[in-house]
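Enquirer: Need the 3D shape of this:
(one chain, ligands or ions: 1)
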Amino acid sequence: MNADESNSGREQGRGRQGRNRKDTPRGGRQAGNTRPGPRRSGEDPGRRGPRRSEPKSLVDPARHVAWDVLNAVRTRDSYANLMLPALLRERKITGRDAAFATELTYGTCRAFGLLDAIIGAAADRDVSTIDGDVLDVLRLSGYQLLRTRVAAHAAVSTGVALAREQSGEHITGFVNAVLRRISQKTEAEWVAELSPPDPIGRLAFTHAHPRWIAQAFADALGAAAGELADALAADDARPVVHLAARPGEISGEELALITGGEEGPYSPYAVRLESGGDPTGLEPVRDGLAFVQDEGSQLVALAAVRAEVDGDDRGRWLDLCAGPGGKAVMMGSLARIDGAHLDAVEVAPHRAKLVRQAVDGLPVTVHEADGRDPNLAPGFDRVLVDAPCTGLGALRRRPEARWRRQSSDIRELAKLQRELLESAVKLVRPGGVVVYSTCSPHLAETTMIVAQAVRKHTLEELDASAILGDIERASNGKSVQLWPHRHGTDAMLVAVLKKPQHPQQLAAE
Ligand SMILES: C[S@@+](CC[C@H](N)C(=O)[O-])C[C@H]1O[C@@H](n2cnc3c(N)ncnc32)[C@H](O)[C@@H]1O
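Expert: Residues are numbered from 1 along each chain as shown. Coordinates of the predicted model:
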């Protein structure tokens, strides 16, 4: 099916739907499809666009593609950061249009909760009663009205035109009325009117985060909880792309010179690309001399390689949760320089395959296995546990993720994290080190997991800050908790644990 045929089917479908007149404000209600669900057959959001035989659409390609992604995120649980680049390529949207589409899509996804509260107030009805396709239009246009410099008349008129295309003429009055009501106040005025009264609830609402995540950040900041507004604001901003120079191939300094980026402040291999854009087209990335990796992730791998072990490092290194392989590449490159060897374990077959591709040519053996029992001989000098986690520390990079995650996810993840760390402690030799990291600052995934393992196995917690070049420690313990607002990295935890030399100290094992 080509794009035209696909779109033609969609238009017919919308026409039928359009006769239902179900979205007049406070009119006949219909349960809205605001939750993920199956798409109607014949619809493919990846193939949308104006039919060539029809009059030219009043809606530009950037808004079309943004709506398509928002729609797929809502109805099919798609990932915006995977789907958007693919659609931009497919539709040959580049330059300023691509940048606009990216801003609209990711910005809207980040702000879902805030936008829905404002749309609900403006429509005087709960958003769950608004047809899902129409809600996607209202979110997209509401975002433009509240959080961009798009002129209000343009945001409203393109929203109305998009609603007409997607849902039919009958809906345009409703969309026009809601958008005009939204445009009558600024974001700050809406926030003042609608935000909860308690300080954390207010900050969460203001910076478009679920309350439980704002609370988790406040807990992790501890004594520095006064930084919560900054932490949430940084989490809400477009992230800077970080590159890693492959150790042994190119230096961070050279990479910065070639790409025009800035050397990172913490990792000798990091380069930050303030200019944005697609880094995969850069020559050093195409040539395999550099790869995209957050500077915080580089620090995790560096901590695993740099931490001092007792006695000689015999070069047996292990990455227990390796997929898709970023830290395995960093550790494997350093292993090649040091004459060491890395075993990389990953339980998910497709991710193990990604690791194999990523570490090609490096002294790394990939094992598709469960890290809790990988069937490897113990005695490793260094083990990295980059544990599966909620990802609350990388919300900037996964625009819709904050609205998908539930606090109830943590219990099961924490159990897995404990078991993986337990396995790492068994696999490391006495005097060897285990680095535990998460891409989440949630205390139940960080401090609590580490403290329990330290207690149970009488581990020595090393000063991660000193290992990483004097980055300030987390407020409790000796681990380092990175933050976007402080370090410009993802909010990674890095804890470095040494196994005691004397077996009797391991009585609890
Ligand atoms: C945070 S990611 C690791 C990221 C990776 N270190 C990198 O830098 O690319 C966690 C990984 O652990 C894997 N995983 C989950 N449960 C696992 C288990 N029981 N054993 C091994 N790997 C597991 C997940 O599939 C995921 O790929």
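Enquirer: Just list what the helix or strand containing residue 84 packs against, helices and strands only.
Expert: According to DSSP states H and E, residue 84 maps onto helix 80-90. Contacts defined by 3 or more C-beta pairs under 8 Å, 6 or more residues apart in numbering; DSSP states H and E place helix 80-90 against helix 61-76, helix 95-110. From N, CA and C alone the C-beta is placed, and that goes for glycine too.
Enquirer: By mean pLDDT, point me to the weakest helix or strand of the chain.
Expert: helix 3-18 (a mean of 31; mean pLDDT, DSSP states H and E).
Enquirer: And the strands in this protein?
Expert: 241-245, 262-263, 270-273, 290-292, 316-319, 341-346, 364-368, 380-386, 428-438, 460-462, 480-481, 493-498 (DSSP state E).
Enquirer: Identify the residue nearest the residue positioned nearest the centre of the chain in space, chain neighbours excluded?
Expert: What sits nearest the mean C-alpha location of the chain, by C-alpha atoms, centre = their mean, is residue 398, with 2.9 Å. In this structure, residue 398 finds its nearest non-sequential neighbour in residue 81, 6.0 Å apart by C-beta to C-beta, 6 or more residues apart in numbering.
Enquirer: From the ligand, how far off is that neighbour?
Expert: 15 Å (C-beta to the nearest ligand atom, to the nearest Å).
Enquirer: Any idea how many residues pack against that residue?
Expert: 17 (other C-beta atoms under 10 Å).
Enquirer: same check, this time on residue 370
Expert: Neighbours of residue 370 using other C-beta under 10 Å come to 15.
Enquirer: so it sits right up against residue 347, yeah?
Expert: Yes - using C-beta atoms under 8 Å, residue 370 is in contact with residue 347, at 5.0 Å.
Enquirer: what comes into contact with the biggest helix by length in the chain?
Expert: When the chain is parsed with DSSP state H, its longest helix is helix 409-427. The contact list for helix 409-427 (C-beta atoms under 8 Å, 6 or more residues apart in numbering) reads 318, 320-321, 371-374, 376, 378-380, 383, 385, 387-390, 434, 436, 438, 442, 444-445, 448-450, 452-453, 457, 459, 497, 499, 509.
Enquirer: ok, now which ones touch the closest residue in space to residue 117 that isn't next to it in sequence?
Expert: Nearest residue to residue 117, sequence neighbours excluded (C-beta to C-beta, 6+ apart): residue 194, at 5.3 Å. Counting by C-beta under 8 Å, 6+ apart, residue 194 touches 117, 118, 121, 205.
Enquirer: go again using 7 Å as the cut-off
Expert: Shown in contact with residue 194 (C-beta atoms under 7 Å, 6 or more residues apart in numbering): 117, 118, 121.
Enquirer: what does residue 133 give?
Expert: So residue 133 contacts 71, 166, 167 (C-beta under 7 Å, 6+ apart).
Enquirer: make it 6 Å
Expert: 166, 167 (C-beta atoms under 6 Å, 6 or more residues apart in numbering).
Enquirer: measure it to residue 166 for me?
Expert: From residue 133 across to residue 166, the span is 5 Å (C-beta to C-beta, to the nearest Å).
Enquirer: With residue 207 instead?
Expert: In terms of C-beta to C-beta, residue 207 sits 30 Å off from residue 166.
Enquirer: next one: residue 239
Expert: Applying C-beta to C-beta to residue 239 and residue 166 gives a distance of 30 Å.
Enquirer: same question, residue 99
Expert: Distance from residue 99 to residue 166, by C-beta to C-beta: 24 Å.
Enquirer: now residue 472
Expert: Distance from residue 472 to residue 166, by C-beta to C-beta: 49 Å.
Enquirer: Between these two, which has more neighbouring residues?
Expert: residue 166 (26 against 13).
Enquirer: which residues does residue 206 contact?
Expert: residue 191.
Enquirer: same deal with the one 3 residues further on?
Expert: Neighbour list for residue 209: 232, 402 [criterion: C-beta under 6 Å, 6+ apart].
Enquirer: what does the one 3 residues further on give?
Expert: For residue 212, the contacting residues are residue 407, taking C-beta under 6 Å, 6+ apart as the criterion.
Enquirer: For the stretch 101-250 of the chain, give the residue positioned nearest to the ligand.
Expert: residue 244 (10.5 Å; C-beta to the nearest ligand atom).
Enquirer: Can you name the residues bridging to that residue?
Expert: The partner list for residue 244 in beta bridges (DSSP bridges) reads residue 270, residue 291.
Enquirer: For this protein, what lies in contact range of the ligand?
Expert: Applying C-beta under 6 Å from any ligand atom, we find that the chain lies next to the ligand at 297, 321-327, 345-348, 351, 370-372, 386, 388, 416, 439.
Enquirer: what's the distance between residue 217 and residue 399?
Expert: 17 Å.
Enquirer: So which of the two has more stuff around it?
Expert: Under the criterion of other C-beta under 10 Å, the comparison of residue 217 against residue 399 puts residue 217 first, with 28 against 25.
Enquirer: Please name the nearest non-neighbouring residue to that one.
Expert: Nearest to residue 217 is residue 231, by C-beta to C-beta, 6+ apart, at 5.1 Å.
Enquirer: Equivalent analysis for residue 454, please.
Expert: residue 461 (5.6 Å).
Enquirer: Could you list the low-confidence segments of this protein?
Expert: Applying pLDDT under 70 to the chain flags residues 1-55, 276-277, 473-476, 503-509.
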